[in-house]
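[1] From the sequence below, what's the structure:
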Amino acid sequence: MKLSELAQRLGAQFDTGANGDPETEITRVAGIEDAGPGEITFVANPKYAPLAQTTQASAVLVAEDFPAIAAATLRLKNPYLAFARAIELLHPSPIYAPGIHPTAVIAPTAKLGRDCHVGAYVVIGENVTLGERCVLLPHVVVYANAQIGDRLLAHAHAVVREGCRLGDDVILQNGAVVGCDGFGFAKDDSGRWHKIPQSGSTILENAVEVQSNACVDRASVGETRIGRGVKIDNLVQVGHGSSVGENTLLCAQVGLAGSSHLGRNVIAAGQAGVAGHCNIGDGVVLLAQSGVHGDIPAGSTLGGSPGFDHKLWLRCVIALQRLPELVKLLPRKPAKDSKNENGTNNKREG
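    Here you go, the predicted model:
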């Protein structure tokens with residue numbers, strides 16, 4: 001794609017710089033440290049701004065107020081978003097032709113919308129409803145009575161369990177499991193654990209993505225609900241009966257215990273954990289490895305385990321690093337003279 005056309009399609013202000021040429025063919029997107037001729041890169045983090053002066057890329061996506069450089073620049077309000085759109089344009093996703101592979105097993109009561117792609121060894125259970133233009137890649141399994149909207153993209157080995165409901169434009173990466181049994185057990189009089197049937201369902205609203213080997217449990221009663229636009233990273237665990245508000249991000253290895261309730265636009269960074277029956281308000285940020293054991297008001301930023309206010313946490317971390325120095329400043333108690341068995345002092349007088 002010509003550089004001028006790419007700028008037009010991204011809605012960017014095009015500046016040729018000293019070396020730019022609107023007719024340059026752009027073939028791919030690359031990182032700023034590795035980009036070369038015929039490639040476009042981006043600067044969204046000020047840390048990498050100096051590299052823009054020496055990059056060999058044919059063009060750079062930058063903010064509107066970025067200083068002039070030798071390479072051509074495409075200036076936009078949000079260069080990181082433009083970077084994502086450039087990848088879509090230059091590296092389009094595979095297109096899967098409609099059709100059903102002869103090895104797929106589809107129950108006679110299942111209903112598939114038009115133009116679906118059903119890959120090898122896919123299993124679709126009784127009374128499943130599948131919307132239009134869905135793509136189920138090899139070994140995907142959809143249990144009985146699941147209801148799925150339009151344009152599902154389910155990668156190999158994704159599983160949708162019985163009675164679950166998925167909206168439109170859902171993406172399930174490899175090994176994602178929607179609606180697995182919640183972790184519920186009750187101890188009987190003999191001390192053995194008795195499994196609590198997980199009779200509820202899991203609901204994913206529109207434009208949800210669940211990435212590889214993440215699990216969203218079904219509820220014992222009622223539902224587990226993932227709101228519109230939520231993105232769930234690899235190896236995340238969402239416990240039974242939980243709810244996650246719109247446009248929330250759950251990063252790698254986040255764990256939500258049963259009946260956790262997160263508001264809208266929450267960000268839970270890697271390995272953050274939320275204890276059961278906690279309410280997390282809108283816009284909360286849980287920093288990496290934060291441990292939350294109670295309700296958190298909207299707009300808070302937490303760090304540490306147990307999690308507490310981020311600014312206070314930073315002060316505590318700084319103080320912890322200075323502890324060895326502070327200990328040296330403390331007055332030392334004089335050592336007590338040892339005594340012998342008769343209680344007399346062993347110290348000899350001169």
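
[2] Give the pairing partners of the lowest-mean-pLDDT helix or strand in the chain; include direction for each.
    Least confident helix or strand of the chain, by mean pLDDT, DSSP states H and E, is strand 308-309 with a mean of 75. In the sheet, strand 308-309 lines up against strand 301-303 (antiparallel) (DSSP bridges).

[3] Residue 318 belongs to a helix?
    Yes - membership of residue 318 in a helix is supported by DSSP: H, G, I helix; E, B strand; the rest coil.

[4] dump the residue contacts of it.
    For residue 318, no contacting residues are found, by Cβ atoms under 8 Å, 6 or more residues apart in numbering. For glycine as for every other residue, the C-beta is placed from the backbone atoms N, C-alpha and C.

[5] so how far is residue 304 from it?
    Per Cβ to Cβ, to the nearest Å, residue 318 is found 13 Å from residue 304.

[6] With residue 268 instead?
    Using Cβ to Cβ, one gets 14 Å for the distance from residue 268 to residue 304.

[7] Then residue 30?
    According to Cβ to Cβ, residue 30 and residue 304 sit 38 Å apart.

[8] looking at it, residue 209 is touching residue 169, isn't it?
    No - taking contacts as Cβ atoms under 8 Å, residue 209 lies outside contact range of residue 169: 9.1 Å.

[9] per-domain residue ranges of the protein.
    The chain breaks down into these domains under automatic domain parsing: 3-90, 99-310.

[10] which of those domains sits most buried?
    Per residue and on average, the most neighbours among the domains of the chain fall to domain 99-310, with a mean of 19 (mean count of other Cβ atoms under 10 Å).

[11] How far does that one stretch from one end to the other?
    52 Å (Cα to Cα, to the nearest Å).

[12] same thing with stretch 221-228?
    Stretch 221-228 has an end-to-end distance of 22 Å (Cα to Cα).

[13] pLDDT (mean, whole number) over that stretch?
    Mean per-residue pLDDT for stretch 221-228: 97.

[14] Name the surrounding residues that touch that stretch.
    Outside of stretch 221-228, the residues within contact range by Cβ under 8 Å, 6+ apart are 167, 182, 199-208, 210, 216-218, 232, 238-248, 264.

[15] ok, what's across the strand from the residue nearest to residue 106 when sequence neighbours are not counted?
    Spatial nearest neighbour of residue 106, chain neighbours left out: residue 124 (4.5 Å); criterion: Cβ to Cβ, 6 or more residues apart in numbering. In this entry, residue 124 is beta-bridged to residue 106, residue 142, by DSSP bridges.
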